[in-house]
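Chemist: only geometry, no sequence info:
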Ligand SMILES: Cc1ncc(COP(=O)(O)O)c(C=O)c1O
C-alpha cells in the first residue's frame, strides 16, 4: 500500500467517530499498546525533546524499506505516533521524503502538530524525513 | 464581617466586564483557569486601546501639535495612576518596560554593569521563573560573579535560615519572586527585604504573579526594585513596570540608547535624560500604556478585601475537591498561598491531562511553567496548573474537577 492509500484508509476509519471522546479513546488505546520502541533503544541520541512530552525515534533500513519504531512518555502523543508509523512504515525512503502527511489534519488532530504544543511531534516528523534522506543517500552510494 | 464582604462581591456582575469569558471552546462554555499565563482584559481596557487608535494616535514626548500633546498627557497620566496604585513616592520611579522579562533584563544590565564585580554574588531562589534566572546567569558569566540559590522545603517554601546564611558581604543583589507562578507560594518578601537591607543588599522583587491577586505598596515593602507585567493583571500585553527607588535608579547607567532617553546629542558627548525617560529609549507602546490608565481606574473600583476572600474560597474549595481524586498529588502546599494549584496524577502525563481537559472546555496550563530547576527539585517533568482570578467561580472549580476525573478515567 502506498503512503497515500494508508492515509486515505485512516481518514475513512476516523470518519466513524462522531465525537471527540471516542476519537481520543481510540488514540489512547493505541498509545497504551506495548512500547513501540525497544527499551534498549531509548537512549539519549534517539530522544527528541519537546517542551511538554518526550519522543524517542529509531529507524532502520531493511531491503530498501524504512522501519520506524518510536515511543513517548505521553500516551496521546504515543497514539498519534503509532498512526504515523502505520502510515509511513515499510515505504521506500523516496516515498517518505516526497509524500505529504495530510491525514493528521483531516482526522481533526491538527492541533497536535502545532509547534506551540511542543510535544515533540513536529520535530519527530522532521526527523523521520531526515532519516529517509540519509537512507536514500545510503542506497544511492551503496 | 466576612459574610458582609462576601455578599457585596458579585462575581457574575464582574464577569460581564470581561467579554472573552462568555465565549465557547470546543462547544462548551469556556472555563479559563490559565490566568497565571495571562489574565483576561475588561472591556474598558479594550475600548481604550480602540479609542486611542481611532481618535488620538500620535507619537509622544516630541510633538507640539494637539494630538501629540493629548497622547503625551494620557500616557503620563497612566504613569501617575500607576504611581498611586502601587504607592510609589514619585511618578519618575515608574519605568514603563515591555514586561517583567524586559524589566529584569534592564536591571541585570544596568545594575550589573555598575554594581557587580568579579567574585560578587547574586541571590535567587529555587522557585524562580526562567526570566529571573537566565539574565543573572548571563551577567554572572560576563562579570565572573556567582549565582546563589536559596533552597525550598517540600511544601514549596523558602528556607529562611538558609536564606540568612546566604546573605554575605559578597551578596550584591537579592532577586526573588513575590509569588511563585508554579506553586502559588507567597514569599515573605517584606521580611526578606528587611533582612537584606540589614546587610546593605539591594532587592529586586519579581511581582509578575502578585499584581493580579493583591494590592501592592512599594513604600511599605521598602523594596528597591519591583517588576511586573500588565498583561497578568488584566491589562494589555507588551507593557510592564519597573519600579525603582529614585536614588537607586539615578545611580544606574542607561540601558538602551536612542530617542527620548537623551538630553543633548553630539558626536563628542551625549547627555542623558532624567528619570523615567533615561530608561525609556525609543517610541514606547503608547496605546497599551495609555490603556493601563483605564485599567487602573477599573481596578481601583474593585473591593480588594472581598477579592481576597473570594480567591481564598476558590482555592480551598478546589483544593478540597481535587484532594478527593485518588493518586492526585499537589505540588506546592505552602502555608501562605495565592489561588494557584499545581498537581500531578500518579501514572498520568500532564500533557495528556491538559489535552483532554481542554477538550472539555477548561483551559489550564501543563508542563514545567518556565521553572525547570523547580521541577528538578520535585523530581517531576511537569504539572497541571490551574490559576484562578477574581472572576472565576465555584461552578468553574466543579467543571475543572469533573474534567480531571473524566480525563483520568480515560487515561488509566
Ligand atoms: C513569576 C514570573 N516571572 C516572570 C514572568 C515573565 O513575564 P513576562 O513573560 O510577562 O515577561 C512570569 C510569566 O509567566 C512569571 O510568572
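Modeler: Great, that's in hand. Just so it is clear, the model here is predicted, and its values are computed rather than measured. Numbers count the residues shown, from 1 in each chain, chains lettered A, B, ... in the order given.

Chemist: all contacts plus neighbour counts: C-alpha atoms, from now on.
Modeler: Will do.

Chemist: Name the next helix or strand following the one helix or strand in chain B whose mean pLDDT sits lowest along the chain.
Modeler: Across the helices and strands of chain B, mean pLDDT, DSSP states H and E gives its lowest value to helix B:2-8, namely a mean of 52. Towards the C-terminus, the helix or strand next in line after helix B:2-8, according to DSSP states H and E, is helix B:11-15.

Chemist: Averaged pLDDT, that following helix. What do you get?
Modeler: Over the span of helix B:11-15, the pLDDT mean works out to 96.

Chemist: In a helix, residue B:329, correct?
Modeler: No. Residue B:329 sits outside any helix when classified using DSSP: H, G, I helix; E, B strand; the rest coil, being strand.

Chemist: That one contacts residue B:345, correct?
Modeler: Yes. Using Cα atoms under 8 Å, residue B:329 and residue B:345 qualify as a contacting pair, with a distance of 6.1 Å.

Chemist: Between those two, point out the one with more neighbours.
Modeler: For the pair residue B:329 and residue B:345, the greater number of neighbours falls to residue B:345 (18 against 15), based on other Cα atoms under 10 Å in any protein chain shown.

Chemist: Surely residue B:128 forms part of a strand?
Modeler: No. Per three-state DSSP, residue B:128 lies outside any strand segment and is coil.

Chemist: residues contacting it?
Modeler: B:176-177, B:180, B:371, B:374 (Cα atoms under 8 Å, 6 or more residues apart in numbering or on different chains).

Chemist: Mind giving me the PyMOL command for buried ones among those?
Modeler: For the buried members of those, the matching PyMOL selection, counting by 16 or more other Cα atoms under 10 Å in any protein chain shown, is:
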select buried, chain B and resi 176+177+180+371+374
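
Chemist: is stretch B:183-190 up against the ligand anywhere?
Modeler: No. In this structure, stretch B:183-190 remains apart from the ligand according to Cα under 6 Å from any ligand atom; the gap is never smaller than 9.6 Å.

Chemist: Only the buried residues of that stretch, if you could.
Modeler: The neighbour-count criterion (16+ other Cα under 10 Å) identifies B:183-187, B:189 as the buried residues of stretch B:183-190.

Chemist: With pLDDT, secondary structure and distance to residue A:63 as extra columns, can I get those residues in a markdown table?
Modeler: Formatted as a markdown table, the entries for those read as follows, by pLDDT from 0 to 100; DSSP: H, G, I helix; E, B strand; the rest coil; distance: Cα to Cα, whole Å:
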| residue | pLDDT | secondary structure | distance to residue A:63 |
| --- | --- | --- | --- |
| B:183 | 98 | coil | 53 |
| B:184 | 98 | coil | 56 |
| B:185 | 98 | strand | 58 |
| B:186 | 98 | strand | 62 |
| B:187 | 98 | coil | 62 |
| B:189 | 98 | helix | 66 |
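
Chemist: ok, the lowest-mean-pLDDT helix or strand in chain A: who's next to it in the sheet?
Modeler: Taking mean pLDDT, DSSP H and E as the measure, chain A has strand A:47-49 as its least confident helix or strand, at a mean of 79. Strand A:47-49 has these partner strands in its sheet, going by DSSP bridges: strand A:54-62 (antiparallel).

Chemist: From the chain's centre, how far out is the partner strand? Work that out for me.
Modeler: What separates the centre of strand A:54-62 from the centre of its chain is 10 Å, taken as Cα atoms, centre = their mean, to the nearest Å.

Chemist: Contacts for that strand, please.
Modeler: A:37, A:41-42, A:46-49, A:66-74, A:119-121, A:124, A:128, A:131, A:135.

Chemist: Now do the helices in chain A.
Modeler: When secondary structure is read from DSSP state H, chain A shows helices at A:3-14, A:20-32, A:75-88, A:93-98, A:103-106, A:121-141.

Chemist: The fourth one packs against which elements?
Modeler: Right, the one you point to is helix A:93-98. If contacts are counted by 3 or more Cα pairs under 8 Å, 6 or more residues apart in numbering or on different chains; DSSP states H and E, helix A:93-98 sits against helix A:121-141.

Chemist: Enumerate the positions of the helix it packs on that are buried.
Modeler: For helix A:121-141, burial by neighbour count (16+ other Cα under 10 Å) applies to A:121-125, A:127-129, A:131-133, A:135-136.

Chemist: Name the residues that touch it?
Modeler: Under the contact criterion Cα under 8 Å, 6+ apart, helix A:121-141 has outside partners A:48, A:50, A:55, A:57, A:59, A:61, A:64, A:66, A:77, A:81, A:92-94, A:96-97, A:112-115.

Chemist: In PyMOL, how would I select just the buried ones from those residues?
Modeler: Buried members of those, defined by 16+ other Cα under 10 Å, are picked up in PyMOL with:
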select buried, chain A and resi 48+50+55+57+59+61+64+66+77+81+92+93+94+96+97+112+113
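
Chemist: which parts of chain A sit against chain B?
Modeler: Those residues of chain A that sit near chain B, judged by Cα under 8 Å from any Cα of the partner chain, are A:20, A:25, A:28, A:51-53, A:73-77.

Chemist: which ones are touching the residue positioned nearest the centre of chain A?
Modeler: Centrality entry for chain A: nearest residue to the mean C-alpha point is residue A:84, 3.1 Å, by Cα atoms, centre = their mean. The neighbourhood of residue A:84, defined by Cα under 8 Å, 6+ apart, contains no residues.

Chemist: any idea of the pLDDT on it?
Modeler: Note on residue A:84: pLDDT of 93.

Chemist: Same check on residue B:386?
Modeler: Here, the pLDDT recorded for residue B:386 equals 98.

Chemist: returning to that earlier point: ok, so of the buried residues of stretch B:183-190, who is nearest chain A?
Modeler: Closest approach between these and chain A, by Cα to the nearest Cα: residue B:183, at 18.1 Å.

Chemist: what separates that closest one from residue B:369, distance-wise?
Modeler: 10 Å (Cα to Cα, to the nearest Å).

Chemist: For the residue sitting furthest away from the middle of chain B, what is the enclosing helix or strand?
Modeler: Going by Cα atoms, centre = their mean, the residue of chain B most distant from its centre is residue B:268, 40.9 Å out. Element membership for residue B:268 (DSSP H and E) is empty, with no helix or strand holding it.

Chemist: how many neighbours does the closest residue to chain A within the stretch 201-350 of chain B have?
Modeler: Here the residue of the stretch 201-350 of chain B nearest chain A is residue B:349; by Cα to the nearest Cα that distance is 5.4 Å. For residue B:349, the neighbour count with other Cα under 10 Å is 23.

Chemist: Within range of the ligand, give me the residues from chain B.
Modeler: If contacts are counted using Cα under 6 Å from any ligand atom, the residues of chain B sitting beside the ligand are B:37, B:99-101, B:129, B:131, B:177, B:180-181, B:206, B:208-209, B:229.
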